[in-house]
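Colleague: give me a 3D structure for the following:
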Amino acid sequence: MTFLILGVALLVILVGAEAFTNALEHLGGRLKISEGVTGSIFAAVGTAMPETMVPIVAILSDAGTAQVREEVGVGAILGAPLMLSTLALVLMALFAAPKRGWRDTLRPEHSGLKRDLSWFLFAFGLSAAAIFVPHGLTGLRHAIALALVATYFLYVLLTVRASARLVRAGHATEADHALYLLRPFGRGARHPAMAFILLQLGLGFALIFFGAHAFVDGVEDLSALLGMSALVLSLLIIPVATELPEKVNSVLWIRRRRDTLAFGNITGAMVFQGSLLPAIGITLTPWEPRAEVLWVIALTLLASAYLYVLARRGTLRPYHLLFNGACYLAYVAIIAV
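Modeller: Reported below is the predicted structural model:
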């Protein structure tokens with residue numbers, strides 16, 4: 001029964017995420033913004049929505065015990081940046097290599113890639129520092145949380161400001177699929193009215209919310225069944241189950257040589273997951289230096305800094321991303337010991 005609940009909850013989450021992402025692509029087209037903005041902000045936020053809702057629902061709802069809710073919340077918050085900076089990138093390389101070769105040059109828009117990674121390293125580093133701030137210093141912890149929120153909105157502002165130049169250079173956004181809500185009716189599905197786009201956004205969000213609530217209950221039951229802490233399960237299972245399927249977009253884009261969208265979908269989600277969600281964790285959970293947490297932070301920063309160095313060098317090939325995969329395997333091995 002536990003696995004059935006998890007499976008149904010995951011299916012609901014993914015259906016909601018697919019509807020949400022599809023609507024965001026059409027919104028990007030209607031607003032005439034660049035691929036970089038759509039990848040780093042619109043697609044990134046849309047595909048990160050399931051992983052975002054799980055910790056929010058876990059922390060704020062009455063599902064499970066308080067300890068389980070806190071552990072699921074912290075695990076989901078920190079597990080997502082780890083998965084994105086390691087597993088998602090190496091899978092993208094593994095699927096790109098057979099079609100493009102291991103030594104083929106990947107050509108994301110480098111200024112956007114460096115911008116995403118530099119903002120992520122700053123925000124996630126600040127989140128990591130907050131772990132060592134004593135709980136008695138409530139004001140300082142809240143100040144760090146506010147700084148993280150401000151960081152993300154400043155990042156969005158600078159990214160949007162760069163959009164006009166990229167659109168003029170031929171990087172405008174085009175939705176890959178018709179709006180799902182109107183597809184059965186044919187007419188208007190490719191160029192839907194804003195009202196239908198917003199309606200599908202709302203429906204997708206609702207599905208994600210209710211699926212995440214059921215997922216928290218399922219994780220609590222699975223934790224008791226396997227004799228593992230909810231924190232470990234959340235670090236390993238939730239990011240892979242709720243967010244990795246949506247990063248299939250990056251696999252498809254990289255195989256079609258749309259490298260800017262492929263990388264932006266991942267690195268933009270990293271900025272979102274590394275700033276706004278830790279702000280919630282800092283204010284509403286224990287957010288303390290447990291061994292599992294410290295390993296997650298160290299390997300995430302290592303993998304991200306490595307990719308940033310490659311981006312600054314200007315040469316990026318599929319085989320370079322094998323190191324990021326090694327970081328993920330290292331964490332799984334550490335947790336399994």
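Colleague: buried sites along the helix or strand harbouring Gly28?
Modeller: For Gly28, the host element (DSSP states H and E) is helix 2-30. Of all the residues in helix 2-30, those buried under the rule 16 or more other C-beta atoms under 10 Å are 2, 5-6, 9-10, 12-29. The C-beta positions use only the backbone N, C-alpha and C, and glycine is treated the same way.
Colleague: now do stretch 303-314
Modeller: In stretch 303-314, counting by 16+ other C-beta under 10 Å, buried: Ala303, Ser304, Tyr306, Leu307, Tyr308, Leu310, Ala311.
Colleague: for the closest residue to the second one other than its chain neighbours, give its distance to Gly79.
Modeller: Think Ser304. With sequence-adjacent residues excluded and distances taken as C-beta to C-beta, 6 or more residues apart in numbering, Ser304 is closest to Ser85, at 4.7 Å. Ser85 sits 11 Å away from Gly79, going by C-beta to C-beta, to the nearest Å.
Colleague: one more: Gly28?
Modeller: 27 Å.
Colleague: equivalent analysis for Leu307, please.
Modeller: Counting by C-beta to C-beta, the separation of Leu307 from Gly79 is 18 Å.
Colleague: mind pulling up the pLDDT for Ala58?
Modeller: Note on Ala58: pLDDT of 67.
Colleague: now Met49
Modeller: 63.
Colleague: also Leu106?
Modeller: Looking at Leu106, its pLDDT is 92.
Colleague: Glu288 versus the closest residue to it other than its chain neighbours, what's the distance?
Modeller: Excluding the flanking residues, the one nearest Leu106 by C-beta to C-beta, 6+ apart is Leu316, at 4.5 Å. Computed as C-beta to C-beta, the Leu316 to Glu288 distance reads 36 Å.
Colleague: which one of those two has more residues nearby?
Modeller: Between Leu316 and Glu288, counted using other C-beta atoms under 10 Å, the more crowded position is Leu316 (20 against 12).
Colleague: surely the more buried one is in contact with Thr105?
Modeller: Yes - the pair Leu316 / Thr105 is scored as a contact, 7.1 Å apart, by C-beta atoms under 8 Å.
Colleague: which residues in the stretch 51-200 of the chain form strands?
Modeller: For the stretch 51-200 of the chain, no strands are identified by DSSP state E, counting those that start in this stretch.
Colleague: where does pLDDT dip in it?
Modeller: Within the stretch 51-200 of the chain, the ranges that satisfy pLDDT under 70 run 51-54, 57-58, 60-69, 162-176, 186-190.
Colleague: can you map out the helices along it?
Modeller: 66-83, 89-100, 110-130, 138-161, 163-168, 194-226 (DSSP state H, counting those that start in this stretch).
Colleague: ok, which of those comes nearest Val293?
Modeller: helix 66-83 (6.2 Å; C-beta to C-beta).
Colleague: from the contact counts, what lies against the closest one?
Modeller: Here helix 66-83 touches helix 44-60, helix 194-226, helix 230-236, helix 238-242, helix 259-284, helix 291-313, helix 322-336, going by 3 or more C-beta pairs under 8 Å, 6 or more residues apart in numbering; DSSP states H and E.
Colleague: among those helices, which is nearest Glu109?
Modeller: helix 259-284 (4.4 Å).
Colleague: and the closest one, what's buried?
Modeller: 259-284.
Colleague: correct me, but Ala19 touches Ala206?
Modeller: No - with contact defined as C-beta under 8 Å, Ala19 does not count as touching Ala206 (9.7 Å).
Colleague: could I get the CA-only coordinates of stretch 87-105 as PDB?
Modeller: Taking Å, rounded to 0.1, in the frame of the first residue of the first chain, the C-alpha atoms of stretch 87-105 are listed here in PDB:
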ATOM      1  CA  LEU A  87      23.200  13.400 -11.600                       C
ATOM      2  CA  ALA A  88      21.200  15.600 -13.900                       C
ATOM      3  CA  LEU A  89      24.300  16.900 -15.700                       C
ATOM      4  CA  VAL A  90      26.000  13.500 -16.100                       C
ATOM      5  CA  LEU A  91      22.800  12.000 -17.500                       C
ATOM      6  CA  MET A  92      22.600  14.800 -20.000                       C
ATOM      7  CA  ALA A  93      26.200  14.000 -21.100                       C
ATOM      8  CA  LEU A  94      25.400  10.300 -21.300                       C
ATOM      9  CA  PHE A  95      22.500  10.900 -23.600                       C
ATOM     10  CA  ALA A  96      24.300  13.500 -25.700                       C
ATOM     11  CA  ALA A  97      27.500  11.500 -26.300                       C
ATOM     12  CA  PRO A  98      26.000   8.700 -28.500                       C
ATOM     13  CA  LYS A  99      24.600  11.300 -30.900                       C
ATOM     14  CA  ARG A 100      27.200  14.000 -30.600                       C
ATOM     15  CA  GLY A 101      30.300  12.200 -29.400                       C
ATOM     16  CA  TRP A 102      32.200  12.500 -26.100                       C
ATOM     17  CA  ARG A 103      34.500  15.200 -27.400                       C
ATOM     18  CA  ASP A 104      31.900  17.300 -29.200                       C
ATOM     19  CA  THR A 105      31.800  21.000 -28.000                       C
END
